[in-house]
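Undergrad: Have a look; sequence and predicted model below, questions after that.
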Amino acid sequence: MMNQYRDRFSRVGSRMGGCGDASPYRRPQSRDGMLRQSFNRSGGCGCGLGSNQGQSRYPENATSHAPVCQAPTPIPERPACGCGGSVSVNCKKLMEQIRAVDFALYETVLYLDVYPHSCDALETYRKLKAQSDALHAEYESVCGPLTAFGNKGDSWDWMGKPFPWEYDAE
Amino acid sequence: MWIYEKKLQFPVKIKNPNPKLAQILISQLGGPDGELAASMRYPHQRYSMPYKEVVGILTDVGTEELAHLEMVAAILHQLTRNLSEEEIKNSPFATYFVDHTTGVYPVAASGVPFDMKYVGVKGDVLADLHEDLAAEQKARVTYDNILRLCDDPDVREPIKFLREREIVHYQRFGDALRITQDKLDSKNFYACNPAFDKGCGK
């Protein structure tokens, strides 16, 4: 089970550092008594654009502009499944996939919070978000809502059994 | 605001109930270094933070801690299901059971209920971030101790996941600390408090 997370995670995490194998920092104290730590430093925008070239997404009075990254790589259309009719959806399998993708996505979000200028991380975010959205849509259309606002169909399905903390949950 | 997603961040499926283990594990719910403390600490600290990187990470790590709280609660719920009165009577869990039955209530393993005194919000960027770094390490140690005392693989898997997350959060708070230091006067970080003093730092 853990391997599924490591696989998803290692693609994201190897650039981000600190994926569970971080060693505590050891740096000499400086004269002002403040430990100079060097946590895994990565990031920095690889897109080569200056901080405010071209169009800025941010209003004029914003104090820190994230650089506009290169045109994103287009996300391919999902191919038609060609099954012509009802597909049997394995809700348990879908939920496993959702957990794995959403985990990598959340990890990317945490990284972008502290490295908002990383174009690599933003590209990773876009790809994972697209995968997550597709999986969520598939799950909600057949298996039930994932949030209180995801109720589809003719009856109120939210918070039916099994609840996520129960042994019988997916 | 918060939206709830009806899934656990990592699956919890525990075949064998074990009230004795629940009695120990409950510290990660209501103990001094548990997930409830983290869920209260980070979201409350963010209100006085001036930097978006710090506010962002406190918000998102704080939200994730609520998800971890849910996971620990799920573990406790599953460890205490289908128990007979005999099993409860002969375990340290009996003292919890008398007050809470098999409800999930935030206490430490010692039985002390959760206390906001476990949480610090100093309103100073450097102090708060240092508290957060320490908190993640203390949580990691608590998970280490649980792993020493637990040999059920169904419980070990989610606990190992939660332990790794603490280490990653530590890294991210370290990034936030470095970012904060970069914004302050390198000759004297303590000259002013950017959460309170105007014109303090970049």
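TA: Structure received. Numbers count the residues shown, from 1 in each chain, chains lettered A, B, ... in the order given.
Undergrad: hmm, who's touching stretch B:24-31?
TA: Defining contact as CB atoms under 8 Å, 6 or more residues apart in numbering or on different chains, one finds that stretch B:24-31 is touched by B:33-37, B:69, B:72-73, B:75-76, B:79, B:96, B:104-109, B:113-114, B:118, B:139, B:142-143, B:146, B:149-150, B:155, B:159, B:162. Backbone N, C-alpha and C define where each C-beta goes, glycine included.
Undergrad: Run the chain-centre distance for that stretch.
TA: 10 Å (CA atoms, centre = their mean, to the nearest Å).
Undergrad: Could you point out which residue ranges in chain A have low pLDDT?
TA: Filtered on pLDDT under 70, chain A yields the residue ranges A:1-67, A:71-73, A:75-88.
Undergrad: Same list, the contacts of stretch B:24-31, but only the ones touching chain A.
TA: Filtering the contacts of stretch B:24-31 for proximity to chain A (criterion: CB under 8 Å from any CB of the partner chain) leaves B:Ala73.
Undergrad: Which of the contacts of stretch B:24-31 fall in helices?
TA: B:35-37, B:69, B:72-73, B:75-76, B:79, B:96, B:139, B:142-143, B:146, B:149, B:155, B:159, B:162 (DSSP state H).
Undergrad: What's the PyMOL line that selects buried ones from those residues?
TA: Filtering the ones in helices among the contacts of stretch B:24-31 down to the buried ones (16 or more other CB atoms under 10 Å in any protein chain shown) takes a single PyMOL command:
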select buried, chain B and resi 35+36+37+69+72+73+75+76+79+96+139+142+143+146+155+159+162
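Undergrad: any idea how far the closest residue to A:Glu138 other than its chain neighbours lies from chain B?
TA: Residue nearest to A:Glu138 in three dimensions, not counting chain neighbours: A:Leu94, with 6.3 Å by CB to CB, 6 or more residues apart in numbering or on different chains. Per CB to the nearest CB, to the nearest Å, A:Leu94 is found 11 Å from chain B.
Undergrad: Could you tell me how many residues sit around A:Leu94?
TA: 18 (other CB atoms under 10 Å in any protein chain shown).
Undergrad: Helices of chain A, start to end?
TA: So, for chain A - with DSSP H - the helices run A:2-16, A:91-114, A:119-142.
Undergrad: Enumerate every residue touching B:Asp99.
TA: B:Tyr105.
Undergrad: how about 10 Å then?
TA: B:105, B:107, B:111, B:113 (CB atoms under 10 Å, 6 or more residues apart in numbering or on different chains).
Undergrad: what do you get for B:Lys117?
TA: Counted by CB under 10 Å, 6+ apart, B:Lys117 has contacts B:32, B:37.
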